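Colleague: need a 3D model of the sequence below.
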Amino acid sequence: MDLHNKSIAAILNNLSDAFMIMDASGRINYFNDVAAQITGYTSIEVMNMKCSKLLKTAYCDKCCLFNNQNAAPKNYKRELEITRKNGTKIPVECTTSILIDSAGLMFGAVETFKDISQIKSLENSLKYSEFKYRLLFESTKDMIFIVSLDGKFIDINQAMADLLGYNGKDELYLLENIERIFIDPIHWNVCRKHIDLNGFIQDFEVGFKKKDGTRLHGCLSANVFLDDNGHIIGYEGIAKDITARMDSFRNLYKHHQELLLLNTVALAINSSQNLDDVLPTALNEVMTLLNFSIGAIFLINNDKASFELHTEKGLSQQIYKTQAKPVFHDIQLMNFFLEKNARLTPKSIFPSFKITLKNFDTKRSIILSCFLITEKECPSGFMAFPEQETNDLSLEDFHLLGSLGNFLGGAIANIKLIQTVQKHREDLKRLTTLLFQSKEAERKRIARELHDETGSSLIGINFNLETLEKIIPYDDPAIKNIFKNITRQINHTYQEMRRISHLLHPALLTDLGLEPALDSYLNRINKKIPLHIDFKMIGFTGRIDPDIETILYRFSQEALSNTIKYAKATFFKLFIIRGYPSIIFIAEDNGIGFEPDENNNERHSLGLLSMRERTVLMGGKFFLRSEKDKGTHIRIEIPMKNGELSIFNRS
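Modeller: Numbering: from 1, shown residues only. Down below sits the predicted model:
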C-alpha cells in the first residue's frame with residue numbers, strides 16, 4: 001500500500017474515527033488527524049512508536065495479535081481507557097483488524113478507535129437516574145405500581161406489599177387483576193376511564209382491600225404508561241395511605257357533631273327552662289346524628305319508686321306510651337336506681353344496660369339499650385334506643401352518649417333548681433305583696449281610728465272642759481291658767497293626731513285621688529321648707545287603681561323625704577306621666593347626690609330598696625342615677641298589662 005499517496009491520505013484524514021496502521025511488531029506506520037486529536041500526539045511524534053507506548057497501556061504488548069498470531073482473530077473489538085499526552089484519561093472503543101499477506105502471515109494491523117466519553121457520560125447518567133428511580137421506587141412509603149392495559153402488574157414496590165399486608169411482591173404479581181386490591185372493583189374502572197379520557201387522575205380517594213379483607217383508605221394519582229414509541233402500554237400510579245387522616249377526620253367530625261349536639265341542647269336550655277322543651281330536643285338531635293329509628297327518655301321518680309316515660313320518638317309505632325313500663329334485665333340495677341340515696345362515682349360514660357318494653361294488650365315487645373343520665377352523683381334517668389341499632393356504635397359514639405347523659409343530668413338538675421327558685425320567688429312575691437297590702441290596710445285602719453275615735457274623744461274632752469270652765473269661777477288666776485294650758489294641749493294633740501293620721505293614710509287619697517292628695521301634701525311641705533317643687537301629672541283623665549295610687553303616693557313621699565333629709569337641694573321635680581305601655585314616675589333634685597354603690601346612709605338605702613322591691617313586684621323597671629354634687633334622678637316604669645294596672649274613671 002502506498003501510504004504516501006495523497007488521495008488515500010486525504011480519505012483517511014477525513015474519517016470520523018481515529019485510524020492508525022502498525023507493522024507486525026506493533027510499531028506505528030500511519031496516524032490520521034482524528035487519532036492525533038484524541039491522543040494529543042502528532043503523526044510525526046508517533047511514527048515508528050510502539051502502540052503500547054503511545055496509548056500507555058499494556059494491551060498491545062500482551063495482545064494475541066502480536067504474541068500468538070495463529071490464535072489471532074481477524075477483528076478484535078473492545079472498550080478501554082487510554083492516557084492522552086497531557087496525562088488525562090479518556091474512554092475509547094477500539095477495533096483492531098489484522099493484515100495478512102498471500103502466505104497467510106500477519107504483516108501488520110489496522111487500529112480504529114473513537115472517543116466514547118459522551119456516550120459513557122450518558123450511560124453513567126442513565127444508570128444513576130435508574131438507580132435513583134429504583135431507590136425512590138423502593139424506599140418510598142407510598143404504594144407505586146405499573147400495570148398493563150389488561151390490569152396485570154408489571155412492577156410494584158415493596159411498600160405496596162407491606163401496606164396491603166402481603167408477604168412479598170410475588171403474592172401481588174400472582175393476582176389476576178389490579179381490581180382485586182380494591183374494596184369495590186368499580187373504583188379502578190372509574191379511575192381507568194378518567195385516565196383514558198384526561199391522561200391522568202390526581203388525588204382520587206379510593207378504598208383498598210388488604211389481604212385480610214380490611215379496608216385501607218387511599219388517595220390515588222395515576223397516568224398512562226408509554227413505551228419508547230409513545231404508545232400506551234399500561235398505567236402507572238402512586239397511592240398514599242390516608243387511613244390515619246380519614247380516622248382523624250372522622251374523629252374530628254364526631255367531636256364536631258358532639259359539640260353541635262351539646263350546643264343545640266344548651267340553646268334549648270337557655271331558651272326554655274322547661275324539660276318538655278329540652279329533652280325532646282336532645283332526643284331528636286341524638287337520634288338524627290346516630291341514625292336511630294326509635295328513642296325514649298325515662299326519668300326516675302324516687303318518691304313514687306318508678307320510671308316515667310318523659311319523651312319518645314317512634315315508640316308509639318311499637319308500644320302504647322301509656323303502657324311503656326320498662327322491664328329491667330338486671331333487677332339489682334333497677335332496685336339500685338330506685339333507691340333515694342343511690343350514689344355513683346362520676347364517669348365520662350357508664351356501661352349500657354338492657355330493658356324490655358312490653359305491650360300486654362298486643363303482647364308486642366321491644367328490647368332497648370339504655371344509657372344513663374346522671375346529675376352530680378345521682379342517677380336521674382336514662383336514654384333508650386333499639387338494641388340492634390346500638391350494636392354498630394363506635395367508641396366515639398359511646399362517648400357522645402356519655403357526654404350527653406352527663407350534660408342532660410346537669411341540665412335536669414339546674415332546671416329543677418330554677419323551677420324551685422321560681423316557685424319560692426313567686427311565693428315570696430305573693431307574701432311581700434300581701435305584706436305591703438296588709439301594711440297599707442293597717443295604716444289606713446289606724447289613720448281612720450285616730451281620726452274617728454281619738455279625734456272624737458279629744459273633741460269630747462274639749463267640750464267637757466268648756467262646760468267645766470263655765471261652772472268653776474275665774475277668781476283664781478291659777479285655775480284660769482290651768483284651763484288654758486289644758487285647752488292648748490288638747491288642740492296641739494288634736495293637730496298632731498291629724499298630722500299622723502294624714503301621714504299614715506291621707507283621706508284625700510281615698511276620697512279624691514292621687515293628684516289632690518299629692519297637691520295637699522306638697523303644699524304643706526312647701527310651707528315648712530324653702531324648697532322649690534315642680535309637680536305635674538300628665539295624661540290622666542280619671543282615677544287609677546287605688547293600690548297603684550297608694551304606691552305612687554308612697555314613692556313620692558320616699559323620694560321627697562330623701563331629698564329633704566340628705567340632698568341639701570333647692571329644687572325638686574316630681575312628674576307622673578301616663579304613657580303606654582307604662583306609667584312613668586320621675587323624681588329629681590339638684591342636691592349633693594351620692595354614689596349608689598356606697599351605703600353611707602342606711603335609711604337612705606332602705607328607702608330606695610323598698611321602692612325598687614315594690615317596682616319589681618309590679619313587674620316594672622327601676623332606674624337610679626346619682627353622682628356627687630350632681631343631684632339624684634329616679635325613674636320608675638310601671639307596666640299596664642294583663643289587668644295589673646287597670647285604668648278606670650270614678651264619678
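
Colleague: off-centre distance for stretch 367-375?
Modeller: 26 Å (C-alpha atoms, centre = their mean, to the nearest Å).

Colleague: check stretch 620-638 too.
Modeller: 43 Å.

Colleague: what sits up against it?
Modeller: Applying C-beta atoms under 8 Å, 6 or more residues apart in numbering, the contact partners of stretch 620-638 are 548, 551, 555, 559, 562-563, 567, 569, 582-596, 608, 611-612, 615-616, 618-619, 639, 645. For every residue, glycine as well, the C-beta is placed using N, CA and C.

Colleague: what about it, how long is it end to end?
Modeller: 5 Å (C-alpha to C-alpha, to the nearest Å).

Colleague: stretch 525-541 now?
Modeller: 26 Å.

Colleague: give me the mean pLDDT for stretch 83-92.
Modeller: Averaging pLDDT along stretch 83-92 gives 87.

Colleague: on that earlier part again, pull out the buried members of the contacts of stretch 620-638.
Modeller: 548, 551, 555, 559, 562-563, 567, 569, 582-594, 608, 611-612, 615, 618, 645 (16 or more other C-beta atoms under 10 Å).

Colleague: okay, and which of these map to helices?
Modeller: Ile548, Ile551, Phe555, Ala559, Asn562, Leu608, Met611, Arg612, Thr615 (DSSP state H).

Colleague: distance to Arg78 for those residues - can I get that in CSV?
Modeller: Formatted as CSV, those follow (distance: C-beta to C-beta, whole Å):
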residue, distance to Arg78
Ile548, 125
Ile551, 125
Phe555, 124
Ala559, 124
Asn562, 124
Leu608, 118
Met611, 120
Arg612, 115
Thr615, 116
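
Colleague: can you pick out the most distant pair from these?
Modeller: Ile548 and Asn562 (21.2 Å; C-beta to C-beta).

Colleague: after the helix or strand hosting Ala161 comes which helix or strand?
Modeller: For Ala161, the element it lies in under DSSP states H and E is helix 158-163. Toward the C-terminus, helix 158-163 is succeeded by helix 169-173 as the next helix or strand (DSSP H and E).

Colleague: mind listing what's buried in that following helix?
Modeller: Lys169, Leu172.

Colleague: now that helix: mean pLDDT?
Modeller: 91.

Colleague: what's the first helix or strand after it?
Modeller: Past helix 169-173, the next helix or strand by DSSP H and E is helix 186-198.

Colleague: mean confidence for that following helix?
Modeller: 90.

Colleague: so who does the nearest residue to Tyr173 once chain neighbours are set aside touch?
Modeller: Excluding the flanking residues, the one nearest Tyr173 by C-beta to C-beta, 6 or more residues apart in numbering is Phe153, at 5.3 Å. Shown in contact with Phe153 (C-beta under 8 Å, 6+ apart): Phe145, Ile146, Val147, Leu172, Tyr173, Leu175, Ile178.

Colleague: distance to Met22 added to the residues you listed, as JSON lines?
Modeller: JSON lines is the format used below for the contacts of Phe153 (distance: C-beta to C-beta, whole Å):
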{"residue": "Phe145", "distance to Met22": "56"}
{"residue": "Ile146", "distance to Met22": "51"}
{"residue": "Val147", "distance to Met22": "56"}
{"residue": "Leu172", "distance to Met22": "58"}
{"residue": "Tyr173", "distance to Met22": "55"}
{"residue": "Leu175", "distance to Met22": "62"}
{"residue": "Ile178", "distance to Met22": "61"}
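
Colleague: greatest separation within those: which pair is it?
Modeller: Ile146 and Leu175 (14.1 Å).

Colleague: only C-alpha atoms, please: export the helix holding Ala161 in PDB.
Modeller: Extracted in PDB, the C-alpha atoms of helix 158-163 (Å, rounded to 0.1, in the frame of the first residue of the first chain):
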ATOM      1  CA  GLN A 158     -42.200  -3.200  48.500                       C
ATOM      2  CA  ALA A 159     -44.300  -0.600  50.300                       C
ATOM      3  CA  MET A 160     -47.400  -1.700  48.400                       C
ATOM      4  CA  ALA A 161     -46.900  -5.300  49.600                       C
ATOM      5  CA  ASP A 162     -46.300  -4.100  53.100                       C
ATOM      6  CA  LEU A 163     -49.300  -1.700  53.300                       C
END
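
Colleague: which strands and helices sit next to it?
Modeller: strand 143-148, helix 169-173 (3 or more C-beta pairs under 8 Å, 6 or more residues apart in numbering; DSSP states H and E).

Colleague: quick one: buried residues of it?
Modeller: Gln158, Ala159, Met160, Ala161, Leu163.

Colleague: cool, and stretch 625-635?
Modeller: Ser626, Gly631, Thr632, His633, Ile634.

Colleague: can you verify Ile82 is assigned to a strand?
Modeller: Yes. Read with DSSP: H, G, I helix; E, B strand; the rest coil, Ile82 is one of the residues of a strand.

Colleague: so it sits right up against Glu111, yeah?
Modeller: No. The pair Ile82 / Glu111 is not scored as a contact, 11.1 Å apart, by C-beta atoms under 8 Å.

Colleague: now do the closest residue in space to Arg614 that isn't next to it in sequence, the pLDDT please.
Modeller: Closest residue to Arg614 apart from its sequence neighbours, by C-beta to C-beta, 6+ apart: Ile551 at 5.8 Å. Looking at Ile551, its pLDDT is 87.

Colleague: which ones are touching Ile551?
Modeller: Contacts of Ile551 (C-beta under 8 Å, 6+ apart): Arg614, Met618, Ile638.

Colleague: same deal with Arg192?
Modeller: Tyr235.

Colleague: got it, and the one 10 residues further on?
Modeller: Taking C-beta under 8 Å, 6+ apart, we find Gln202 in contact with Ser221.
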